[in-house]
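K.L.:
predicted model follows, preceded by the sequence.
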Amino acid sequence: MQADGSTQLWVAARVLLYKRGDDFFMRMDKALKTSDPEDIHDLRVASRRLREGLVLFAPCYPAGNIARLVKQIKLVTRLLGEIRNTDEAIIFFSELAADLDVACHGDLEGVTASFRKSRAKELKRLKSGLRNIASGTLRDLYRRVVNAPNLFVNPLNGIDLFMPLSLFAKDAFDERLAAILKLVPVAVQEGEADAQHLLRISVKHLRYRLEILSFLIGVHYEELHETLKDYQDLLGRMHDLHVFAGIIRNACLPFEIEKVVLDAIAVKGGKLFADFSEMLVSTPFEKFGDKLRNAL
Amino acid sequence: MKAGMKGLQKLKGIGEVLSRRLIEAGYDTFADVAAAGEEGIRKIPGINPRQIKSIVAQAGELAEEAEKGRAEKVEELKKKAQFLKGNVQEIAHSVRNRFQEAVSGKAGKKLGKELVKVMASLEKLEGKLERRVKKGGKGLVKAEKWLEGLGDSGLKEIGTGLKKARKSLKKALGK
């Protein structure tokens, strides 16, 4: 069944969560089968998207049930996080070595090698962890929870489960946009890495919400989605550089090598921050919010 | 076999004997005959060679018509399933508005479960209509009968009506 803007919230919640759940479990099976970095990444994204879906439609269900599900799925996200970070680090340091002087190659190769070594261990742990989850009761629990909306109990937040989905979506987007707008004034300062990281997470939440409710947006969906994707990508790369700089500081490299590598990372970070500042001017979130509201 | 033979006899040049031979050769439907082509039909004993071209052409046209008719029927049934899903939503809404207090406890939980089950059955059947036109159609008609007027009924009647509607859909799903 395909929901639309006029579908009552309780019906749409079930249909859309089923769709997200099917995607998540299908990707879990695939990642277990292949262990391919891309499949692992896709599963991680699917788990985040599923969590956002559960949070979005939480008013339709008993709070405890949704919290239990979110907790279980968060375990999957975490389980996948370490190996994904390792893969990212291997790619980044290998590419960085190619850009830098030959004198740095040996030390950076050492950093990459240690990640490669830990990857094998992480993969083993990931596989057994996923197998435990896949063979366990998560699928059943998911179906049970999604099929049992709190139909006739008024939710504490006063959301009417019989309202059309389009009306609910408007508030749902506004909620996420408000969180973003609150963070922007701090994140716009170059040294505020924590605020930039929080902004990245908020943008991600809004993007997943947009994807879940994409059919309500119409022709402007691609454009809006692309904007969020660009923001997320920029902020993500900025955060990664922050993490990679930390890795280099803890890697006990010779002082001169450490300085060269950290300088190179700082240059990359500066460029990314300039792009981010430029994007905030060319595509401000306020304008994005207006476009989204008009598209609904 | 007899029904298949009767169907094939709609083709000019095909009588009882030839329709039996066509079926024995594995050409049960107009689509089969059209797909066999002139070469395939020529091998059927007793067929008039001068009519082969016309038989294959007729079969092609009739197969196309049948396919079109089926697609139209599926579309019609899908609309009916959509309509019934709207009905279920209206029933749920009406229950909430009319029996707010009575459904705030266990009774509401039970009724809510039943409403979700009917919705789920309708969704499942909607996805299978292309392969279950006849059974699906029957199930939808029966379910429609049970759901009719439930929006104004009492709680007990609503519960019973939903259960009966779900059973009709379940049957159509082959469960």
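P.N.:
Ah, there it is. Residues are numbered from 1 along each chain as shown, chains lettered A, B, ... in the order given.
K.L.:
from here on, just use CA atoms for contacts and neighbour counts.
P.N.:
Noted.
K.L.:
what residues does chain B put near chain A?
P.N.:
B:89, B:93, B:96, B:100, B:103-104, B:108-109, B:112-113, B:116, B:123, B:126-127 (CA under 8 Å from any CA of the partner chain).
K.L.:
interface residues of the stretch 151-296 of chain A facing chain B?
P.N.:
Residues of the stretch 151-296 of chain A lying near chain B (CA under 8 Å from any CA): A:151-153, A:162.
K.L.:
the residues you listed: which two are farthest apart?
P.N.:
Spatially, the most separated pair among those is A:153 and A:162, at 11.6 Å (CA to CA).
K.L.:
can you name the next helix or strand after the biggest helix by length in chain B?
P.N.:
In chain B, assigned by DSSP state H, the helix with the most residues is helix B:52-98. Next in sequence after helix B:52-98, counting helices and strands by DSSP states H and E, comes helix B:106-128.
K.L.:
got a list of contacts for that following helix?
P.N.:
A:1, A:147-152, B:78, B:81, B:84-85, B:88, B:92, B:102-103, B:136, B:159, B:162-163, B:165-166, B:169-170, B:172-173 (CA atoms under 8 Å, 6 or more residues apart in numbering or on different chains).
K.L.:
buried residues of it, list them for me.
P.N.:
B:108-109, B:111-123, B:125-126, B:128 (16 or more other CA atoms under 10 Å in any protein chain shown).
K.L.:
for the residue most central in space within chain A, report the pLDDT, please.
P.N.:
In chain A, the centroid-proximal residue (CA atoms, centre = their mean) is residue A:204; its distance is 5.1 Å. On pLDDT, residue A:204 comes in at 95.
K.L.:
out of everything not next to it in sequence, what's closest to it?
P.N.:
Excluding the flanking residues, the one nearest residue A:204 by CA to CA, 6 or more residues apart in numbering or on different chains is residue A:232, at 6.4 Å.
K.L.:
OK, contacts around the one you found?
P.N.:
Listed by CA under 8 Å, 6+ apart, the contact set of residue A:232 reads A:200, A:203-204.
K.L.:
of all the residues you listed, which comes closest to residue A:288?
P.N.:
Compare each of the contacts of residue A:232 with residue A:288 using CA to CA and the shortest gap goes to residue A:203, at 11.7 Å.
K.L.:
give me the helices and strands touching the helix or strand containing the closest one, please.
P.N.:
Using DSSP H and E, residue A:203 sits within helix A:193-212. With contacts defined as 3 or more CA pairs under 8 Å, 6 or more residues apart in numbering or on different chains; DSSP states H and E, helix A:193-212 has these neighbours: helix A:37-56, helix A:165-187, helix A:221-249.
K.L.:
with adjacent residues omitted, what lies nearest to the residue nearest to the spatial centre of chain B?
P.N.:
Compute the mean C-alpha point of chain B, and by CA atoms, centre = their mean the closest residue is residue B:133, 1.7 Å away. Leaving aside its sequence neighbours, residue B:133 sits nearest to residue B:74 (CA to CA, 6+ apart; 6.4 Å).
K.L.:
show me the contacts for that neighbour.
P.N.:
Per CA under 8 Å, 6+ apart, neighbours of residue B:74: B:129-130, B:133.
K.L.:
same thing with residue B:142?
P.N.:
Applying CA under 8 Å, 6+ apart to residue B:142 gives the contacts B:165, B:168.
K.L.:
gap between it and chain A?
P.N.:
20 Å (CA to the nearest CA, to the nearest Å).
K.L.:
worst-scoring helix or strand of chain B, pLDDT-wise?
P.N.:
helix B:2-8 (a mean of 78; mean pLDDT, DSSP states H and E).
K.L.:
by contact count, what packs against the helix or strand following that one?
P.N.:
Next in sequence after helix B:2-8, counting helices and strands by DSSP H and E, comes helix B:16-24. Based on contacts counted as 3+ CA pairs under 8 Å, 6+ apart, the elements that helix B:16-24 packs against are helix B:2-8.
K.L.:
which helices and strands does the helix it packs on pack with?
P.N.:
By 3+ CA pairs under 8 Å, 6+ apart, helix B:2-8 packs against helix B:16-24.
K.L.:
contacts for the helix it packs on?
P.N.:
Residues outside helix B:16-24 that contact it (CA under 8 Å, 6+ apart): B:1, B:4-6, B:8-9, B:28, B:44-47.
K.L.:
what angle do the next helix or strand after it and helix B:52-98 make?
P.N.:
Moving toward the C-terminus from helix B:16-24, the next helix or strand (DSSP H and E) is helix B:30-42. Orientation of helix B:30-42 against helix B:52-98 (axes from the mean of the first three to the mean of the last three CA atoms, to 10 degrees) gives an angle of 170 degrees.
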